[in-house]
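*Asks:* Fold the stuff below for me.
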Amino acid sequence: MSDMIAACEAAAHAGGLASGLALALAEAGVPAPPGPVAALPTSSVPAAARVVPHRLAEREGVSFVRWPLTPDGTDAPDDTNAPENTYDADSAHGGYAPNDAYAPDAADHADGPDGADAGAHRLAALLGAVRAGLARRLLDDAVAHLSGRVAEGEPISRKQMVRGTVADVHTGLEAVLRLLRVAGDVPAAVADAHDRITALDWEAAKLLGASGFVADGAARPGYVGWLVAQTWLPADGMPAARHAPKPSPRDRSGSGRERPRPAALRAVASPANEEVRTS
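*Replies:* Numbers count the residues shown, from 1 in each chain. Alright, predicted model coming up:
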């Protein structure tokens with residue numbers, strides 16, 4: 001698990017969200033999302049699947065697909081049994097492909113270390129690593145941006161306040177990754193890791209000034225990564241906030257908030273999600 005945490009973080013940092021997501025899904029082997037929408041790398045979406053349009057996700061190479069899929073790749077009516085869909089990066093579909101047989105309603109979702117729940121919690125931890133990689137990438141972009149700007153005769157990146165923020169975010173991400181490595185099988189710990197990443201994303205974005213808060217700007221991968229997590233994390237491993245928050249002075253940790261299981265379809269299909277929420 002520790003090696004895969006590192007691999008998913010590195011994949012997202014080097015190749016972006018779609019790359020990290022593909023690796024996490026392939027490794028976790030989760031048969032289906034907990035809600036009616038799945039986030040998949042666009043290259044892995046079956047041709048006949050129904051995709052929920054999302055402009056920002058499309059630019060990250062990610063698609064939100066209505067779930068479950070029927071054997072022909074389309075989403076199944078609500079009154080049918082869900083087909084068993086598995087992720088295979090080498091399949092003819094390039095990713096998720098429905099099998100011919102339908103799975104029992106709950107037989108494949110039994111609790112226990114060897115059941116589907118274990119895979120879901122493993123994926124939650126790996127997605128945390130993916131999001132951490134995206135946050136580190138955003139921090140690198142912010143440092144590069146500030147290094148090219150000068151104030152009072154020196155690069156802004158050398159200012160004490162900026163250096164302090166960079167150090168805080170870097171240290172915070174290292175702490176998150178360690179938490180995922182040592183407690184990746186504990187839902188509450190994984191949920192806490194996702195909450196921390198959301199806060200660190202905003203701290204890194206603030207280094208870019210106003211441009212860090214533009215929906216289609218440098219913070220876009222982190223925001224879409226947050227949405228991706230909403231479609232895959234199990235109910236007992238969800239980040240606290242239903243919407244990606246801008247931490248306020250009164251609550252920068254998100255602690256104490258209710259951890260609801262979101263309606264995944266509303267979470268990604270709502271027009272409000274076309275803009276990064278700041279409150």
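*Asks:* doesn't Met4 make contact with Glu27?
*Replies:* Yes - with contact defined as Cβ atoms under 8 Å, Glu27 reaches Met4; the gap is 5.3 Å. For the C-beta atoms, the positions are set from N, CA and C on the backbone; glycine is no exception.
*Asks:* which residues are in contact with both of those two?
*Replies:* Residues touching both Glu27 and Met4 by Cβ atoms under 8 Å, 6 or more residues apart in numbering: Leu126.
*Asks:* same question for stretch 230-241, mean pLDDT?
*Replies:* Mean pLDDT, stretch 230-241: 71.
*Asks:* Also stretch 42-52?
*Replies:* 91.
*Asks:* Quick one: end-to-end length of that stretch, please.
*Replies:* Stretch 42-52 has an end-to-end distance of 12 Å (Cα to Cα, to the nearest Å).
*Asks:* residues of that stretch that come out buried?
*Replies:* Thr42, Ser44, Val45, Pro46, Ala49, Val51, Val52 (16 or more other Cβ atoms under 10 Å).
*Asks:* partners of the nearest residue to the last one once chain neighbours are set aside in the sheet?
*Replies:* Right, Val52. The shortest distance from Val52 to any non-neighbouring residue, by Cβ to Cβ, 6 or more residues apart in numbering, is to Phe64 (4.2 Å). Note on Phe64: beta-bridge partners by DSSP bridges are Ala39, Val52.
*Asks:* doesn't Arg50 make contact with Phe64?
*Replies:* No - Phe64 is beyond contact range of Arg50, at 9.9 Å (criterion: Cβ under 8 Å).
*Asks:* what's the pLDDT at Gly95?
*Replies:* pLDDT, Gly95: 51.
*Asks:* returning to that earlier point: now go through the buried residues of stretch 42-52 and say which are in strands.
*Replies:* Val51, Val52 (DSSP state E).
*Asks:* Tabulate the buried residues of stretch 42-52 in JSON lines, adding columns for distance to Leu126.
*Replies:* Shown next, in JSON lines, are the buried residues of stretch 42-52 (distance: Cβ to Cβ, whole Å):
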{"residue": "Thr42", "distance to Leu126": "19"}
{"residue": "Ser44", "distance to Leu126": "16"}
{"residue": "Val45", "distance to Leu126": "20"}
{"residue": "Pro46", "distance to Leu126": "23"}
{"residue": "Ala49", "distance to Leu126": "23"}
{"residue": "Val51", "distance to Leu126": "23"}
{"residue": "Val52", "distance to Leu126": "23"}
